[in-house]
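1. need a structure here:
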Amino acid sequence: MVSESKHRGVEASKRPSGDRFGISSALFRIYIGLVLVMLYFPFVIMAVLSFQGPRGGHTFPLKGVSSWWWWKLFHPGQSTEFSDVGEFLGNYLGALGRSLILAIVVAILATIMALMAAHAFRKPFRGSNAVFYLWLLGIIVPGITVSLGLFLVLNRLGITPNWKSSALGVHVMWTLPFCLIIFLMAFNRFDLNLEDAALVFGANPLQAYWYVTLPVIQPFILSSLLFGFTLSLDEFQRSLLLTGTTLETQTLPVMIMASVTTRITPTLYALGTLTTLLSFAVIALYIYFLIRAERRSIATIVLAPDESTPDAV
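-> I've put the predicted structure just below:
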């Protein structure tokens, strides 16, 4: 009994005290707070400077408060009494629209192709490792190298680069490996017994895939779409030489880079505030659909066999 009590006393002395745990928790919260400040404080500064007065610059102090630069964002190219020499006159919203369309198409194509490829990798085949590493080349090869190489090839063939064709292909190649890795993770933890059970209870392979496999991997499909969308929307290197040479064909990252080579105005801050709010909206939609997809996935897994049998069977 004495030795047992001593042993318990030694174990208790080795446990971290409540004070030490409280200090560690406080330090961790301070660290997380500093990270959030570093992430979102520039957004606050950008939003404030977007309401700079008409005669104000792109830095503090504010020379009045107005929505002038927001008006300039929605009315590009119009000369006014406050216009200055060297001011960029490109249509940011037009470029934003092209980037959004391109990102949506890229996300859908990359997700479909990556899902098909992930199904092929579910069962080992000869040369699967070599094929997998070939898919990863889109990540490994520098983006500016891909952009320059394809631009030279298209120029040699007499084909004009455009965001609807050349940029689309390169963006899909860039996002495919990320989407593929997401689906490989999904099928790595996928229970094959779910599909086998559906087949045993009379479902054909198509019904088993539609009613069982897709609901389970739906959260990963949403994650793949989000990855493809964000990677394409923000891509600059692979878009630099492949979106065309005019302002009417450039995507938003390329146009922003072109604008900062001239006179910087608070219109960029208004644009940054708008795109940041748009990003928050996209993330909110993603979280909403992700929660619904996870509930459907869990419901598919826990349903009883007689309930999981499709009505068509």
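2. how close does the residue most central in space within the chain get to Val106?
-> With the centre of the chain defined as its mean C-alpha position, the nearest residue by C-alpha atoms, centre = their mean is Thr230, 2.8 Å away. Between Thr230 and Val106 the computed distance is 10 Å (C-beta to C-beta, to the nearest Å). For every residue, glycine as well, the C-beta is placed using N, CA and C.
3. Could you pull out the helices in the stretch 51-200 of the chain for me?
-> 68-74, 92-120, 128-135, 137-140, 143-157, 166-188, 192-200 (DSSP state H, counting those that start in this stretch).
4. any idea how far the third one is from the chain center?
-> Distance of helix 128-135 from its chain centroid, counting by C-alpha atoms, centre = their mean, to the nearest Å, is 24 Å.
5. Could I get the average pLDDT for that helix?
-> Averaging pLDDT along helix 128-135 gives 88.
6. Pull out the buried positions in that helix.
-> Residues Trp135 are the ones in helix 128-135 that count as buried (16 or more other C-beta atoms under 10 Å).
7. Could you do the shortest one as well?
-> Within helix 137-140, the residues that qualify as buried are Gly138, counting by 16+ other C-beta under 10 Å.
8. For that helix, which helices and strands make contact with it?
-> helix 166-188 (3 or more C-beta pairs under 8 Å, 6 or more residues apart in numbering; DSSP states H and E).
9. so what does the helix it packs on touch, helix or strand wise?
-> Against helix 166-188 (3+ C-beta pairs under 8 Å, 6+ apart) you get helix 92-120, helix 128-135, helix 137-140, helix 143-157, helix 214-233.
10. Quick check: which of those is buried the most?
-> Comparing the helices and strands packed on helix 166-188 by mean neighbour count (mean count of other C-beta atoms under 10 Å), helix 214-233 comes out on top with a mean of 21.
11. What helices and strands are in contact with that helix?
-> If contacts are counted by 3+ C-beta pairs under 8 Å, 6+ apart, helix 214-233 sits against helix 92-120, helix 166-188, helix 267-302.
12. tell me the angle of the very next helix or strand once past that helix relative to helix 214-233?
-> Using DSSP states H and E, the helix or strand that follows helix 214-233 in sequence is helix 252-259. Put simply, helix 252-259 runs at 10 degrees to helix 214-233, going by axes from the mean of the first three to the mean of the last three C-alpha atoms, to 10 degrees.
13. from the chain's centre, how far out does helix 252-259 sit?
-> 19 Å.
14. what mean pLDDT would you report for it?
-> For helix 252-259, the per-residue pLDDT averages 91.
15. how does this protein divide into domains?
-> Domain assignment for the chain by automatic domain parsing gives 2-74, 92-308.
16. pLDDT on the shortest one, on average?
-> In this model, domain 2-74 has a mean pLDDT of 78.
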